[in-house]
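Peer 1: heads up, no residue letters with this:
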């Protein structure tokens, strides 16, 4: 014999069961288990059109770079032999530009175990140290804190896009032919995921060497079946550098090779903000190609 | 050990340390009310910034070992800050241990294991009156520049030298290279500014551990001929004085025996002593005379700049250019954005390289 209370209970619960709502769920209320975000963690492999010649440019190839006079002087002094300086031989590609040098990327999430809030992303490239990108609201350190190859990065979500700001970089190369960025640089990266594609757009602001911000982008593909390996570095000759290879101003004999090889006007190869705009094509039409 | 010691610094200091993390920039100056900040470097060693020059402090059970007391205008402020740090060291009931190396560290701890654990001085004050701050016992003068050593008299007077058999002299021991004392004598520097102990070789090891580690001095005839580098061997920190200052060109004082080759040699000494941790980064930390805390790669980058500028000026001299013509040629254009006004540096390099009898440059 059913009691009236039991009948009422069955009358309420049965429709809920039919709707797929458990009594446990009912007891905890109805919550959204996930928040909408973008998960950048995982293994990523670059799509080659984003790297290529930028990693091994000829001397004097400053095309597409908004360099100022100081930057040209610095790059013109570059002797490729300076890659043999033992103290800097094992330096990694500079953090925010590691994307453009290939070798893959490995991104992990650091999550607060109590709150499950995202504290940081950790990025590792083939030749890099760990690059932490903090999302917990911490400020950038004062200027007298150490500068590193990766710099100090914080980030915020703008919708589904991750916006990363990096300061405290050591000076390093923008292009491996001696084009440098300074330790006063600031990099803003915009990361978006579309399916299995990760696109990074990086904007470098450097008051020392650039006339205008320099913008680059590259795309990576998710690689669920690969894992980035440890890639150590050993200095070939351990000791203090016996000298610093460089060319004196006006005495680098290789600066015109790039322009001559491609038949470009020399001015176009020398970079500068003007050369990065579409209007510069008009100038190119009237300019005399290098020999 | 210092990480734990810092954890027990008075609240004001902790606020100061925390404040450093939110300060986007820092203005150096001679203001007596300068806001000095403490940056823990490693082991027993901290870096004090905000004075006219950077200060390096080792603090522990033996007392305070101070590299460069700073400018005279800031003497009281520096003394108060050093005492604050010294008080923190006493507040941590860590004991000395003969164990040396990372194996002495309990997992997850910041310093040598101690059975007493950690307690902060406020807690100690509940159960007993806190001990006085550890005294300043040693001061090293890295160079002859009032920004670095102007406060020597006041800070040394506030310290003590233990003589043994129950005797202690007032005043800390002040180390410096023999050439530094000689230069001070030539310029009639006040007695309380001068070193009380000198060394005349290329390197000098303190005869006993200080705060659990060996300390080694290296002579560098760099911006003057009496410069000293200080290596804290277990903490693995080098206090470089003005031999290395990554926010400016070297302040070479040719009249006091400084030379561009001496600066290069001094920088190479730092690089030679230091180890990178991984991929040309980290490892031995370098406290510069001015500017940011650095590592081996930073010093190498700076060394490269000095070498390149030296070679450019030398080339222009070989072309028969005068000093004014060399300045007009702007041989430092590509570095000025990072190191500031080059005038005095170019002048010093020119004077150095055109001195009669110079043979040590390339």
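Peer 2: Nice, thanks for sending it over. These numbers come from a predicted model, not from an experiment.

Peer 1: Could you use CA atoms for every contact and neighbour count after this?
Peer 2: Noted.

Peer 1: interface residues of the stretch 1-150 of chain A facing chain B?
Peer 2: A:69-71, A:73-74, A:87-92, A:128-129, A:139-149 (C-alpha under 8 Å from any C-alpha of the partner chain).

Peer 1: out of the residues you listed, which are buried?
Peer 2: A:69-71, A:73-74, A:87-92, A:128-129, A:140-149 (16 or more other C-alpha atoms under 10 Å in any protein chain shown).

Peer 1: For residue B:349, give me its contacts.
Peer 2: B:252, B:259-260, B:310, B:313 (C-alpha atoms under 8 Å, 6 or more residues apart in numbering or on different chains).

Peer 1: What is the nearest of these to chain A?
Peer 2: residue B:313 (9.8 Å; C-alpha to the nearest C-alpha).

Peer 1: ok, and what's touching stretch B:269-282?
Peer 2: Here stretch B:269-282 has contacts from A:87-92, A:128-129, A:148-149, A:233, A:239-240, B:229, B:236, B:238, B:240, B:283-285, B:295-297, B:299-300, using C-alpha under 8 Å, 6+ apart.

Peer 1: measure that stretch end to end?
Peer 2: Stretch B:269-282 has its terminal residues 17 Å apart, counting by C-alpha to C-alpha, to the nearest Å.

Peer 1: pLDDT averaged over that stretch - what is it?
Peer 2: For stretch B:269-282, the mean per-residue pLDDT is 93.

Peer 1: Can you point out the buried residues in it?
Peer 2: Within stretch B:269-282, judged by 16+ other C-alpha under 10 Å, the buried ones are B:269-271, B:274-276, B:278-282.

Peer 1: What segments of chain A are helices?
Peer 2: A:4-18, A:23-28, A:69-76, A:257-262, A:266-269, A:280-286 (DSSP state H).

Peer 1: From residue A:103, how far off is residue B:305?
Peer 2: 31 Å.

Peer 1: Specify which residue of the two has the higher count of neighbours.
Peer 2: Just comparing residue B:305 and residue A:103: by other C-alpha atoms under 10 Å in any protein chain shown the higher neighbour count belongs to residue B:305, 19 against 16.

Peer 1: Wasn't that one part of a helix?
Peer 2: Yes: judged by DSSP: H, G, I helix; E, B strand; the rest coil, residue B:305 forms part of a helix.

Peer 1: now it, nearest residue through space, not along the chain?
Peer 2: Nearest residue to residue B:305, sequence neighbours excluded (C-alpha to C-alpha, 6 or more residues apart in numbering or on different chains): residue B:335, at 7.6 Å.

Peer 1: so what's the backbone phi/psi at that neighbour?
Peer 2: Dihedral pair for residue B:335: phi -110, psi -10, per degrees, to the nearest 10.

Peer 1: And for it, the neighbour number?
Peer 2: Neighbour number of residue B:335 under other C-alpha under 10 Å is 23.

Peer 1: doesn't residue A:70 make contact with it?
Peer 2: Yes: using C-alpha atoms under 8 Å, residue B:335 is in contact with residue A:70, at 7.5 Å.

Peer 1: So which of the contacts of stretch B:269-282 belong to strands?
Peer 2: When DSSP state E defines the strands, the subset of these inside them is B:229, B:238, B:240, B:285.

Peer 1: Please name the residues that touch the first one.
Peer 2: So the one you mean is residue B:229. B:142, B:217-220, B:238-241, B:243, B:270.

Peer 1: Specify which member of those residues is nearest to residue B:48.
Peer 2: Relative to residue B:48, the closest of these is residue B:239; by C-alpha to C-alpha it sits at 11.6 Å.

Peer 1: hey, what's that closest one bridged with?
Peer 2: Using DSSP bridges, the bridge partners assigned to residue B:239 are residue B:230, residue B:287.

Peer 1: pLDDT score for it?
Peer 2: Looking at residue B:239, the pLDDT reads 98.

Peer 1: neighbours of it, just the number please.
Peer 2: 29.

Peer 1: Contacts only, for residue B:216.
Peer 2: So residue B:216 contacts B:203-206, B:230-233 (C-alpha under 8 Å, 6+ apart).

Peer 1: now swap in residue A:219 and tell me
Peer 2: Here residue A:219 is in contact with A:46-47, A:50, A:197-200 (criterion: C-alpha under 8 Å, 6+ apart).

Peer 1: Next one: it relative to residue B:291, how far apart?
Peer 2: Counting by C-alpha to C-alpha, the gap from residue A:219 to residue B:291 is 38 Å.

Peer 1: for chain A, what are the nearby residues on the stretch 251-362 of chain B?
Peer 2: B:268, B:271-272, B:278-281, B:291-298, B:300, B:304, B:307-308, B:311-312, B:315, B:333-335, B:337-338.
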